[in-house]
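Student: Generate coordinates for the sequence data below:
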Amino acid sequence: MKNNKGIVFIVLPIVIIILVLIFVNRDHAYVEKNQEVGGKAAADAVKLYMKEKYNIDFSVSLEKREQLIHTDGFSFMGIPTGRTPYPVKDGWIYTFLATAPDGSFEIVKYEDAYIFQKDGEKRSIESEIDENYEWTLKQKERDEETEIIIKQYLGGNSLVDYEYIAKEYIPEEISWRMGYFLLQFKCDVADVPWELLGKLVALEYDAPSVIKMKFEDTKDDDYYLLADHAGDTETKDLCDIAEKMRLKNTFSDIIEQEKMYLYEEVLAEMNSKIVLEENVNMQQIEGFAKEFFKYAQYFMYGEVTDLSVKCDYDENTKKDYCSIRMKTKTLSGKEVGICAGITYNIEIGKYELKRVYLYDYGVPVSRFDLTIIEKSRKS
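Tutor: Numbering: from 1, shown residues only. Okay, here's the model as predicted:
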């Protein structure tokens, strides 16, 4: 018995020492005791970082604090099989709202520096600051550009006013709704004249920022989306407007006098190229040209070039079909095409001008999906 007690007294300290060594050397992550930590230290670090990067004195407020987690990969027989999480003792992720003197803001995240120990080896992990204020600055530039474009297209128009709705911060969600321009129309959706509609189409193509529209007949929270570069499920697509306007069919047959010379060129080109059937006479071709032009004239903001009329054979209808194309420019100088098709309608037994639309290298422009100036659509 005495011998057994002696063995216990010898073995027990060794076991304790081994357990202590195992505990001390196990894989773990922690913040060093001599490191300055806490919300104020993190806020000061963020303010200094933003000042040095943007030369702006931001005010900083703490929005949220979360446990900092380190993850490290592990493998089986040399094959990576996953990652293990290690909560960092005394380590935090801080979420701040940094606001500039002009009211613009950015969400900034700060992660504490810490030590990760694995297999007895220590690795220092530096503190991290994550922010994207460059995007805010770029958005401000885009908004300034968009405002200039809006004034070009809509300035002085008695039917529409506009205002900029700044992006809104939502503390509960640690997020924000994007800023946008709101066009406020002093008329109902279906009463917008075609001249203004043409400007809206070109504006949608030119504007780099989000634009929404509100009409007299819409509810307080009901908007139509004009230019969408951020996504918004709470708005209606502008195709809704196009459909209502198309059905009302309020466009004018009158061709603007200053564009009459272009109409004559279009007519001459069509007369020289279109030979569909004996029953398609000069008068009908002139009707196609006029119908095409009374739409197209609302989208000609620059010099018209590359006018062409091409015809081919449609295997489905066993008839010829023709396309009319020309190039022009928006007010911002972007090249855009205007196209129309003359096809044979089997149901009515004659040729018709199918649609007039804008295109960019063959791709229809904007969200109008060809309905904005389409003559008709059969169900």
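Student: which intervals of this structure have sub-threshold pLDDT?
Tutor: Within the chain, the segments meeting pLDDT under 70 span 1-26, 34, 36, 73-82, 227-253, 276-280, 355, 360-379.
Student: biggest strand in it, by residue count?
Tutor: strand 79-99 (DSSP state E).
Student: Who are the packing partners of it?
Tutor: strand 28-30, helix 39-54, strand 59-76, strand 105-111, strand 114-118 (3 or more C-beta pairs under 8 Å, 6 or more residues apart in numbering; DSSP states H and E). (C-beta placed from N, C-alpha, C; glycine too.)
Student: ok and it relative to strand 114-118, angle-wise?
Tutor: Calculated by axes from the mean of the first three to the mean of the last three C-alpha atoms, to 10 degrees, strand 79-99 forms an angle of 170 degrees with strand 114-118.
Student: Strand 79-99 pairs with which strands, parallel or anti?
Tutor: strand 28-30 (parallel), strand 59-76 (antiparallel), strand 105-111 (antiparallel) (DSSP bridges).
Student: picking up where we left off before, for the helices and strands packed on strand 79-99, which one ends up most surrounded?
Tutor: strand 105-111 (a mean of 21; mean count of other C-beta atoms under 10 Å).
Student: quick one on the thing from earlier: check which residues of the longest strand of the chain are buried.
Tutor: 86, 88, 91, 92, 93, 94, 95, 96, 97, 98, 99 (16 or more other C-beta atoms under 10 Å).
Student: and what of stretch 160-172?
Tutor: For stretch 160-172, by 16+ other C-beta under 10 Å, it's 160, 162, 167, 169.
Student: which ones among the residues you listed are found in strands?
Tutor: Those of the buried residues of stretch 160-172 mapping onto strands are 160, 162, 169, per DSSP E.
Student: From those, pick the one nearest residue 273.
Tutor: residue 160 (39.8 Å; C-beta to C-beta).
Student: what's across from the closest one in the sheet?
Tutor: Bridge pairing for residue 160 - DSSP bridges - gives residue 185.
Student: what's it in contact with, if anything?
Tutor: Residue 160 is in contact with 154, 183, 184, 185, 186, 196, counting by C-beta atoms under 8 Å, 6 or more residues apart in numbering.
Student: now the helices for the chain?
Tutor: For the chain, the helices defined by DSSP state H cover 2-25, 39-54, 133-154, 194-206, 239-248, 260-273, 282-296.
Student: Quick one, which of those helices gets closest to residue 60.
Tutor: That would be helix 39-54 among the helices of the chain, by C-beta to C-beta, at 4.8 Å.
Student: Contacts made by that closest one with the rest, please.
Tutor: By C-beta under 8 Å, 6+ apart, the residues outside helix 39-54 that reach it are 56-58, 60, 62, 65, 92, 94, 96, 98, 108, 110, 112, 127, 129, 131, 133, 137.
Student: can you rerun that using 6 Å?
Tutor: With C-beta atoms under 6 Å, 6 or more residues apart in numbering as the test, helix 39-54 has contacts from 58, 60, 62, 94, 96, 98, 108, 110, 129.
Student: What is the distance between that helix and the centre of its chain?
Tutor: Centre-to-centre, helix 39-54 and its host chain are 30 Å apart (C-alpha atoms, centre = their mean, to the nearest Å).
Student: Let's see it as CSV, backbone CA atoms only.
Tutor: Below are the C-alpha coordinates for helix 39-54, written out as CSV (Å, rounded to 0.1, in the frame of the first residue of the first chain):
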residue,chain,number,x,y,z
GLY,A,39,-15.0,51.1,-28.5
LYS,A,40,-13.1,54.4,-28.0
ALA,A,41,-9.8,52.9,-29.2
ALA,A,42,-11.5,51.4,-32.3
ALA,A,43,-13.4,54.7,-33.0
ASP,A,44,-10.1,56.7,-32.8
ALA,A,45,-8.4,54.3,-35.1
VAL,A,46,-11.3,54.6,-37.6
LYS,A,47,-11.3,58.4,-37.5
LEU,A,48,-7.6,58.5,-38.0
TYR,A,49,-7.8,56.1,-40.9
MET,A,50,-10.6,58.0,-42.7
LYS,A,51,-8.9,61.3,-42.2
GLU,A,52,-5.6,60.1,-43.7
LYS,A,53,-7.3,58.4,-46.6
TYR,A,54,-9.9,61.0,-47.6
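Student: and it with helix 133-154, angle?
Tutor: Using the same axes, to 10 degrees, helix 39-54 lies at 50 degrees relative to helix 133-154.
Student: Now residue 130: closest residue in space that isn't a chain neighbour?
Tutor: Nearest non-adjacent residue to residue 130, counting by C-beta to C-beta, 6 or more residues apart in numbering: residue 109, 4.4 Å away.
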